[in-house]
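Engineer: A predicted structure for the sequence below; I have some questions about it.
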Amino acid sequence: MFHKEGAPSISLGIIFTVAVLLLADKFIDINWLKMSVQIFAFLILIIILQFFRNPKRTVIINENQILAPVDGKVVVIEEVYEGEYFKDKRLQVSIFMSPINVHVTRYAMSGIIKFSKYHPGKFLVAWHPKASEENERTTVVIENNTFGAVLYRQIAGALARRIVNYAEEGMQVVQGTDAGFIKFGSRVDLFLPLGTPINVVLNQKAIGGKTIIATK
């Protein structure tokens with residue numbers, strides 16, 4: 001299954017592939033060159049289909065757990081100052097998504113959306129220290145009775161040019177359901193209350209809606 005945000009790109013990919021196949025067959029007489037061009041077109045289509053996939057996952061909802069919001073690698077676990085919403089110290093856990101990861105963002109916990117804001121910005125590589133504050137990004141805060149307020153930030157990477165965010169203030173959201181999408185490389189930061197027990201380690205592979213990031 002594919003993410004609905006990928007429909008235009010998938011359609012263009014199919015059109016591009018068909019067009020290249022037809023043009024190559026008609027205008028290229030050298031067999032090895034024709035075959036190379038056709039294989040290249042198929043590879044482009046495969047990459048697009050791979051990127052926009054949205055696998056269905058059975059999520060075990062647990063109000064005492066924070067689940068990974070995305071697929072990727074845990075690249076940051078540290079105390080930081082969060083200056084946009086909390087304006088105090090928080091425990092940051094960041095997950096970096098490579099171009100081959102699923103790029104669907106899922107709600108890490110159930111609760112009410114208290115804050116949701118889009119920020120235009122730069123397109124530094126997603127692991128850059130200033131990416132969290134200077135790149136195109138969205139900031140969303142979910143609140144529930146177990147963890148209180150938890151902030152997550154979708155951050156565009158060097159290749160990304162659009163962040164999709166479904167969260168709107170006042171919405172009641174369910175853990176593990178789709179929260180948005182980030183196109184072509186990115187990362188997601190979670191900002192948790194200090195003292196929250198963390199269940200992952202640096203460089204660990206995380207699976208969105210499955211890996212337990214923190215517990216209460």
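Structural biologist: Now that the structure is in, tell me what you want to look at.

Engineer: counting by contacts, list what the strand or helix carrying residue 73 packs against.
Structural biologist: Take DSSP states H and E as the rule and residue 73 turns out to sit in strand 72-82. Packed against strand 72-82 by the contact rule (3 or more C-beta pairs under 8 Å, 6 or more residues apart in numbering; DSSP states H and E) you find strand 88-97, strand 186-192, strand 205-206. In short, each C-beta sits where N, CA and C put it, glycine included.

Engineer: what's the most buried one of those strands?
Structural biologist: Ranked by average neighbour count under the criterion mean count of other C-beta atoms under 10 Å, the helices and strands packed on strand 72-82 are headed by strand 186-192 at a mean of 26.

Engineer: what lines up beside it in the sheet?
Structural biologist: Here strand 186-192 is paired, per DSSP bridges, with strand 88-97 (antiparallel), strand 148-156 (antiparallel).

Engineer: Serialize these to CSV and add fields for distance to residue 208.
Structural biologist: Converted to CSV, the strands paired with strand 186-192 look like this (distance: least, C-beta to C-beta, whole Å):
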stretch, distance to residue 208
strand 88-97, 8
strand 148-156, 12
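
Engineer: measure the residue nearest to the spatial centre of the chain to residue 55 for me?
Structural biologist: By C-alpha atoms, centre = their mean, the chain has its centre lying nearest to residue 103, at 4.1 Å. To residue 55, residue 103 is 12 Å away according to C-beta to C-beta, to the nearest Å.

Engineer: same question, residue 63
Structural biologist: 24 Å.

Engineer: residue 165 contacts residue 138, doesn't it?
Structural biologist: Yes. Judged on C-beta atoms under 8 Å, residue 165 makes contact with residue 138 at a distance of 4.3 Å.

Engineer: ranges for the strands of this structure?
Structural biologist: Taking DSSP state E, the strands of the chain run over residues 65-67, 72-82, 88-97, 104-106, 111-119, 137-144, 148-156, 163-165, 172-173, 178-182, 186-192, 205-206, 212-215.
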